[in-house]
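Asks: curious how this folds, go ahead:
(2 chains)
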Amino acid sequence: MNIPFDISSIRKDFPILNEVVNGKQLVYFDNAATTQKPRVVLDAISGYYEHYNANIHRGIHHLAEKATSAFEQSRKRLQAFLNAQFSEEIIFTSGTTDGINLVAATYGRKFLKEGDEVIISTMEHHSNIVPWQMLCEEKGCILKVIPINDEGELLMDEYEKLLTERTKFVSVVHVSNSLGTINPVKEIIEKAHAVGAKVLLDGAQASSHLHLDVQDLDCDFYSLSLHKIYGPTGMGILYGKRDLLNAMPPYRGGGEMIKEVTFEKTTYNELPYKFEAGTPNIADVVAAKYAIDYVETLGKANIAAYENELLKYATEAVREIEGLKIIGQAKEKVSVLSFVIDGIHHQDIGVLLDQQGIAVRTGHHCTQPLMSRFNITGTSRASFAVYNTKEEINLLIKGLHKVKRMLG
Amino acid sequence: MTINEIQDELISDFELFDDWESKYEYIIDLGKQFPPLEEQYKTEDNIIKGCQSRVWLNAYMDGDLLKFEADSDAIIVRGLVSMLVKVLSGHTPEEIANADLYFMERIGLHQHLAQTRSNGLAAMLKQMKAYGFAYQAKSVNAE
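Replies: Numbers count the residues shown, from 1 in each chain, chains lettered A, B, ... in the order given. Model (predicted):
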């Protein structure tokens, strides 16, 4: 394949890749959990603290102005990244989970009532299950679940059968963290809208791999985490359509989200501040812009093409491991390779690969109902990012042979 | 042997290994040789759930001594579990409650105890000591 960028120079952008783990050069294949951060992001964080740390929006001094301006530039950058129509549709959160909870607790509480139905899918992360269960319990709503086939794809016919005039909300994952499946979200949204339901997409996994356009998707909400897009941890965004966000009650009370406070009554600030109570995570919001710049300079399409090449290579290569079965063989996938090996517990695989300096994730990946669907307790998951190489995949294969030999 | 004598013996066993492979091969062997817990004791009450592997722990008094039997669905954790059982099982509740476990750290396996959520080992150790405290209190009350 004609790689449109130089991987060895990309690797130099990520200082952590030089780490030595258990005496071996680190091979980092846990990118679906979190990606590593390029130097520009690290510099942006320390640069903020070294040069213009100040609380935003209220100060009139130089540092406060500078910090506020950087903070709001990040919002605009993320607006462009999602192609949102208005910058106030971008709400800063602590991450994907926080965004989903916000929608369930505000939109959900205000607009859903007893007997209404919420649809999620079998492949949801716990963070897109539990907030809806909590809402359903409180309001007496019914949670329905879209089933999947053995390849790990949503059964769209079954989805259609679940949709009725009682369906008020559909919340599904754009890309599965455990399987890598890319869901047909545009179709999901169209069909939900046809019965008058609103749709939230959990974009935690999709955002680093796929081109995003919330206007084209026509989703009502989109929640994502920056730490999965080469950005800082503890920071994410919730996109919501402006009219919906305006109609929703505030989530948390405190500073910044108010217009005027008396002991008798408080009026709330306008969007997006209505949903951003308290001093936000300024340093990481500022650094987020640099992560997005980094990704877009490389080009998301280029990154996706390269990652797909790695996935294809790895999918072929693991075939030589006897007894290995890939979990998640959807036609449309991102670079996530989840697998089980006959007679070997996933945790043993993880421990022995770690001894060889190879970081994979093992366990249920916070998708226990999905694991139950496949009658397993967990998988081993290698997930690839732009800085990974085929040489590293060869080390994984070698490592797996060793695991098999030691446990055989 | 006292708890500390058993710990010291394990530490010297592990000093024979000079690379990670032989060390883990030994733990895997320990896991394979460790007698499985009878199915009747693999109950919801006895399970300690980690994010990744499950550990079962059964405790009973044999005369004055508190004894443990345990199991895990992952083989390396099973080997580590067998060491914890070897060190703590068959001592008085008081000795178990007050035991200072240092062998995991000395062998260089403390990361497995630190991974609190992933393998249930730390929770198992806590539970073993809790049994020690509970039976200790029971015997004091009986007096």
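Asks: any idea how far the nearest residue to A:Glu153 once chain neighbours are set aside lies from A:Thr167?
Replies: Leaving aside its chain neighbours, A:Glu153 sits nearest to A:Ala330 (4.8 Å; criterion: C-beta to C-beta, 6 or more residues apart in numbering or on different chains). (Each C-beta comes from the backbone N, C-alpha and C, glycine too.) Counting by C-beta to C-beta, to the nearest Å, the gap between A:Ala330 and A:Thr167 amounts to 24 Å.
Asks: which strands and helices lie in contact with the helix or strand that contains B:Asn141?
Replies: Secondary structure assignment for B:Asn141, by DSSP states H and E: helix B:121-142. On a contact count with 3 or more C-beta pairs under 8 Å, 6 or more residues apart in numbering or on different chains; DSSP states H and E, helix B:121-142 meets strand B:47-49, strand B:54-62, strand B:65-72, helix B:75-88, helix B:93-97, helix B:110-114.
Asks: so which of the ones you listed gets nearest chain A?
Replies: helix B:75-88 (5.0 Å; C-beta to the nearest C-beta).
Asks: can you pull the buried residues of that closest one?
Replies: Neighbour-count burial for helix B:75-88, with 16 or more other C-beta atoms under 10 Å in any protein chain shown as criterion, is recorded at B:75-88.
Asks: that older thread, among the helices and strands packed on helix B:121-142, which comes closest to B:Phe14?
Replies: helix B:75-88 (9.7 Å; C-beta to C-beta).
Asks: which SSE is A:Ile237 in?
Replies: Assigned by DSSP H and E, A:Ile237 belongs to strand A:236-240.
Asks: sheet partners, orientation included, of that strand?
Replies: strand A:90-93 (antiparallel), strand A:221-225 (antiparallel) (DSSP bridges).
Asks: for it, the averaged confidence score.
Replies: Strand A:236-240 carries an average pLDDT of 98.
Asks: likewise stretch A:337-350?
Replies: 96.
Asks: over to stretch A:136-151?
Replies: For stretch A:136-151, mean pLDDT is 98.
Asks: cool, stretch A:249-266 as well?
Replies: Mean per-residue pLDDT for stretch A:249-266: 90.
Asks: center of chain B - which residue?
Replies: Nearest to the mean C-alpha position of chain B, by C-alpha atoms, centre = their mean, lies B:Leu84 at 2.4 Å.
Asks: pLDDT value on it, please?
Replies: Residue-level pLDDT assigned to B:Leu84 equals 95.
Asks: ok, it - contacts?
Replies: B:Phe68, B:Ala70, B:Leu101, B:Leu121, B:Met124, B:Leu125, B:Met128 (C-beta atoms under 8 Å, 6 or more residues apart in numbering or on different chains).
Asks: show me which of those residues is closest to chain A.
Replies: Using C-beta to the nearest C-beta, these come closest to chain A at B:Leu121, 10.8 Å.
Asks: burial of that closest one, as a residue count?
Replies: 24 (other C-beta atoms under 10 Å in any protein chain shown).
Asks: now swap in A:Asp43 and tell me
Replies: Neighbours of A:Asp43 (other C-beta under 10 Å): 13.
Asks: isn't A:Tyr290 right up against A:Val40?
Replies: Yes: using C-beta atoms under 8 Å, A:Tyr290 makes contact with A:Val40 at a distance of 4.7 Å.
Asks: who's more crowded, those two?
Replies: More neighbours surround A:Tyr290 than the other of A:Tyr290 and A:Val40, with 24 against 17 (other C-beta under 10 Å).
Asks: quick one, what contacts that one?
Replies: A:Val40, A:Val41, A:Asp43, A:Ala44, A:Gly231.
Asks: hmm, back to that, which of the contacts of B:Leu84 lies closest to B:Met1?
Replies: Of all these, B:Met1 sits closest to B:Leu101, with 15.0 Å by C-beta to C-beta.
Asks: for the residue located most distally from the centre of chain A, give its distance to B:His91.
Replies: Computed with C-alpha atoms, centre = their mean, the residue of chain A farthest from its C-alpha average is A:Glu264, at 40.4 Å. The gap separating A:Glu264 from B:His91 is 66 Å, by C-beta to C-beta.
Asks: quick one: name the residues of chain B near chain A.
Replies: B:20-21, B:24-25, B:28, B:51-54, B:73-77, B:112, B:118-119 (C-beta under 8 Å from any C-beta of the partner chain).
Asks: buried subset of those residues?
Replies: Listed as buried from those are B:20, B:24-25, B:28, B:51-54, B:73-77, B:112, B:118-119; burial here means 16+ other C-beta under 10 Å.
Asks: what are the buried residues along stretch A:320-335?
Replies: Buried, per 16+ other C-beta under 10 Å, within stretch A:320-335: A:Ile321, A:Leu324, A:Ile326, A:Ile327, A:Gly328, A:Gln329, A:Ala330, A:Lys333, A:Val334, A:Ser335.
Asks: what's the span of that stretch from first residue to last?
Replies: 19 Å (C-alpha to C-alpha, to the nearest Å).
Asks: what's the residue lying closest to A:Leu212 once chain neighbours are set aside sitting at in phi/psi?
Replies: In space, and not counting its chain neighbours, A:Leu212 is closest to A:Leu82: 5.2 Å by C-beta to C-beta, 6+ apart. Reported as degrees, to the nearest 10, the phi and psi values for A:Leu82 are phi -100, psi 0.
Asks: okay, now the unreliable bits of the chain?
Replies: In the absence of a named chain, chain A is used. By pLDDT under 70, the weakly predicted segments of chain A are A:1-3.
Asks: oops, wrong one, chain B.
Replies: Residues of chain B meeting the criterion pLDDT under 70: B:50-51, B:115-119, B:142-143.
Asks: repeat the analysis, applying 80 as the threshold.
Replies: B:49-52, B:111-120, B:139-143 (pLDDT under 80).
Asks: dihedrals phi and psi, whichever residue of the stretch 1-150 of chain A sits closest to chain B?
Replies: As assessed by C-beta to the nearest C-beta, chain B sits closest to A:Asn22 within the stretch 1-150 of chain A, at 6.6 Å. The phi and psi values for A:Asn22, taken as degrees, to the nearest 10, are phi 50, psi 40.
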